[in-house]
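> Dropping a prediction and its sequence here:
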Amino acid sequence: MMYKFTKKISCGENMRDCVNNMMTKLETKFNVKLHTDTKTSKVNGHISVSHEKNNHTIWVFLYSNTGIHEGENTITKKIVKTNSNRVEKFNGTFPTESEIKKII
């Protein structure tokens, strides 16, 4: 499932800290794994951020199938699915977009 929205955030020069902060908040609140610690660890989703000053575009993906990575093609705006041995299905309750926005 893809959540895509904009939010008025300014992260300064350290964009990596900005994304890591969002990931930590989402992982803690929704019990989801969005980043890997090792080359063999698996994830239940991912987050991408376009860091425009005071207007971030944020994509949050929570995977509904094991073995299938999902992403958005930025040109066609369609979901692209590819096979991945690092993806595990998210088995929690899928949050609403407003719940995700509130956490970030």
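Structure received.
> Surely Ile79 and Ile68 touch.
No. Contact status for Ile79 versus Ile68: not in contact, 10.4 Å apart, counting by C-beta atoms under 8 Å. Quick note: C-beta positions are derived from backbone N, CA and C, even for glycine.
> Doesn't Met23 lie inside a helix?
Yes. Secondary structure of Met23, determined by DSSP: H, G, I helix; E, B strand; the rest coil: located in a helix.
> most centrally placed residue in the protein?
For the chain, the residue nearest the mean C-alpha position is Ile47 (2.1 Å; C-alpha atoms, centre = their mean).
> The protein: helices as residue ranges?
Counting by DSSP state H, one finds helices in the chain at the ranges 15-30, 97-103.
> What average pLDDT does the last one get?
Which is helix 97-103. Along helix 97-103, the predicted local confidence has a mean pLDDT of 94.
> next one: stretch 55-63
Stretch 55-63 comes out with an average pLDDT of 94.
> how about it: buried residues?
Within stretch 55-63, the residues that count as buried by 16 or more other C-beta atoms under 10 Å are His56, Ile58, Trp59, Val60, Phe61, Leu62, Tyr63.
> What pLDDT is listed against the nearest residue to Pro95 once chain neighbours are set aside?
Closest residue to Pro95 in three dimensions, ignoring its sequence neighbours and counting by C-beta to C-beta, 6 or more residues apart in numbering: Phe30, at 5.6 Å. Predicted confidence (pLDDT) at Phe30: the value is 96.
> Ok, Asn44 next?
The pLDDT attached to Asn44 in the predicted structure is 95.
> what does Asn83 give?
At Asn83, the predicted lDDT confidence score is 96.
> Against Val19, how distant is it?
Using C-beta to C-beta, to the nearest Å, we find Asn83 at a distance of 25 Å from Val19.
> neighbours around the closest residue to Thr82 other than its chain neighbours, how many?
Counting by C-beta to C-beta, 6+ apart, His69 is the residue found nearest to Thr82 once chain neighbours are left out, at 5.0 Å. Using other C-beta atoms under 10 Å, His69 has 18 neighbouring residues.
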